[in-house]
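> Quick one, structure for this:
(2 chains)
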2 protein chains.
Amino acid sequence: MTGQLPRTGRSDVLDNRARLLEAARAVFGEQGLDAPVRDVARHAALSPATLYRHFPTKQALIAETFTEQRRACHSAVRDALSDADPWRGFQGLIERICELHAHSRGFADAFMTAFPEVMDFAADRERTVRAVTELARRAQATGRLRPGFVVDDLILMLTAHQGLLHAPRSARLAASRRFAAYVIDAFRAAPGHADAAARGVPSRV
Amino acid sequence: MTGQLPRTGRSDVLDNRARLLEAARAVFGEQGLDAPVRDVARHAALSPATLYRHFPTKQALIAETFTEQRRACHSAVRDALSDADPWRGFQGLIERICELHAHSRGFADAFMTAFPEVMDFAADRERTVRAVTELARRAQATGRLRPGFVVDDLILMLTAHQGLLHAPRSARLAASRRFAAYVIDAFRAAPGHADAAARGVPSRV
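Okay, here's the model as predicted:
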């Protein structure tokens, strides 16, 4: 069947798909997932009908839009877990997640929202939560991460981080970096906890 | 003129105004200032025409809606500035601002947004910024507040705090409290800074 399509026709189809995904990255990246799908079509200079032919639902479009961000997120998790210093790994993971979210509001929305029809993102979130749980356990054992930290605290901070993403891109990136640095400081063990942990004193506060 | 109005007519008018303001507190408090004015009228079980008779613009409605919150904000600023311990005053002010914002998304929006037509809120924000600037100066002098803190950092954190306010009220209040506690810890001077400040070593980082 495909052999019978004229070459230009096939590449048009591929081009349109690529253009739509690029437009979706731009529009969702800047406005978040609330942006209407017709804005994506307009940004790609294609008709909504063309968009719907490639992506019958908004979920289908979202699922393919953030491939690169998802790959970066997986790398961040792998790097953090393989860091010989778990507290450094933990810090790096927070910085990289914040950066990914600041670069794309849409990815932040997809990552943070319970979006049942985009299961891949739920899987990413789960993977990240598992990694943070494991890193936190190791970093608390070194006494560098405060004993009271629980994974929900990272979710809390990433939810708050979304409050910074309404600003224009350049302001957003700077704000996100400063926020991430403060979050890391907030999670750092107060002095004395390290000693307590080293002495084997129960350190849960 | 008013003497000629039947008594029930006047109290109806007053009742309607009070009902509209109560509805505005409920609707804006829960949904933020993006909530349409017609939702306020509906919540008050009054017509949009009645609402517009009392409050010709959304700004006029907003300006009167948060009287109580504004008064609480002024008290918080006064209490913080008169605290003999400036770091304790600084902490208390952050906790109370977060609490006020968590109780009413609309007040948080009004406080945080550049809303030129509601000048009172700009004045509140200015007053709070001045208070925080003064408190920060004093708390840094005691060595308890980190030397690198600038007032923009509080704006950053309050902007992030708005990211928590989409949750339902009960979850919102708990999240806000935990966030405020982390923010205070993030702003706390690392150990050693206190000594440096006491020794008169330049402590700006």
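> residues touching the residue in chain A that chain B sits nearest to, list them.
Nearest residue of chain A to chain B: A:G163, at 2.5 Å (C-beta to the nearest C-beta). Backbone N, C-alpha and C define where each C-beta goes, glycine included. Contacts of A:G163 were listed using C-beta atoms under 8 Å, 6 or more residues apart in numbering or on different chains, and they are B:T159, B:A160, B:H161, B:Q162, B:G163, B:L164, B:L165.
> Next, the closest residue to A:A175 other than its chain neighbours: secondary structure please.
Counting by C-beta to C-beta, 6 or more residues apart in numbering or on different chains, A:L164 is the residue found nearest to A:A175 once chain neighbours are left out, at 4.7 Å. At A:L164 the chain is in coil, as set by DSSP: H, G, I helix; E, B strand; the rest coil.
> Give me the contacts around stretch A:70-77.
Counting by C-beta under 8 Å, 6+ apart, A:92-93, A:96-97, A:100, A:107, A:111, A:120-121, A:124, A:127-128, A:131 sit against stretch A:70-77.
> Could you identify the buried members of the residues you listed?
A:G92, A:L93, A:R96, A:I97, A:L100, A:F107, A:F111, A:F121, A:D124, A:T128, A:A131 (16 or more other C-beta atoms under 10 Å in any protein chain shown).
> Kindly list the main-chain dihedrals of the fourth one?
Which is A:I97. Backbone geometry at A:I97, expressed as degrees, to the nearest 10, gives phi -60, psi -50.
> hang on, it packs against A:A131?
No: A:I97 is beyond contact range of A:A131, at 10.3 Å (criterion: C-beta atoms under 8 Å).
> What distance do you get for A:G106 to B:R19?
Distance from A:G106 to B:R19, counting by C-beta to C-beta, to the nearest Å: 41 Å.
> who's more crowded, the two?
Using other C-beta atoms under 10 Å in any protein chain shown as the criterion, A:G106 and B:R19 rank with A:G106 on top: 26 against 19.
> Where does confidence bottom out across the contacts of stretch A:70-77?
Lowest model confidence among the contacts of stretch A:70-77 falls on A:D120, which carries 74.
> and the nearest residue in space to it that is not next to it in sequence, how many neighbours?
In this structure, A:D120 finds its nearest non-sequential neighbour in A:A63, 6.1 Å apart by C-beta to C-beta, 6+ apart. By other C-beta under 10 Å, 19 other residues sit near A:A63.
> and if you look at A:A174?
When neighbours are defined as other C-beta under 10 Å, A:A174 has 14 of them.
> Could you do A:R78 as well?
A:R78 has 12 neighbours, counted by other C-beta under 10 Å.
> Wasn't it part of a helix?
Yes: counting by three-state DSSP, A:R78 is found in a helix.
> Next one: it from A:A131, what distance?
Taking C-beta to C-beta, one finds A:R78 at 8 Å from A:A131.
> where in chain A is pLDDT low?
Within chain A, the ranges that satisfy pLDDT under 70 run A:1-11, A:114-119, A:192-205.
> Residues of it that sit close to chain B?
Counting by C-beta under 8 Å from any C-beta of the partner chain, chain A comes close to chain B at A:153, A:156-157, A:159-165, A:175, A:178-179, A:182-183, A:185-187, A:190-191.
> mind redoing it with 6 Å?
Contacts of chain A with chain B, taken as C-beta under 6 Å from any C-beta of the partner chain, map to A:L156, A:T159, A:A160, A:Q162, A:G163, A:L164, A:A175, A:F179, A:Y182, A:D185, A:A186, A:P191.
> A:A186: what's it in contact with?
B:Y182, B:D185, B:A186 (C-beta atoms under 6 Å, 6 or more residues apart in numbering or on different chains).
> host element of the last one?
When you say that, I think you mean B:A186. Here B:A186, judged by DSSP states H and E, is contained in helix B:169-187.
> Report the buried residues of that helix.
Buried-residue list, helix B:169-187, by 16+ other C-beta under 10 Å: B:172-173, B:175-176, B:178-187.
> quick one on the thing from earlier: nearest to A:A23 among the buried ones among the contacts of stretch A:70-77?
A:F107 (15.3 Å; C-beta to C-beta).
> correct me, but the closest one touches A:Q69?
Yes: assessed by C-beta atoms under 6 Å, A:F107 is found in contact with A:Q69 at 4.3 Å.
> And the helices in chain A?
A:7-31, A:37-43, A:48-54, A:58-65, A:67-82, A:86-103, A:105-112, A:119-142, A:151-162, A:169-187, A:193-198 (DSSP state H).
> Could you list the buried residues of the first one?
Which is helix A:7-31. Going by neighbour count (16+ other C-beta under 10 Å), the buried part of helix A:7-31 is A:16-17, A:19-21, A:23-31.
> residues making contact with that helix?
Helix A:7-31 is touched from outside by A:35, A:39-40, A:43-44, A:46, A:50-51, A:54, A:61, A:65, A:104, A:106, with contacts defined as C-beta under 6 Å, 6+ apart.
> Most widely separated two among those?
Using C-beta to C-beta, the contacts of helix A:7-31 span at most 23.4 Å, a distance reached by A:T50 and A:S104.
> Among the two, which residue is more densely surrounded?
Between A:T50 and A:S104, A:S104 has the larger neighbour count (other C-beta under 10 Å), namely 23 against 17.
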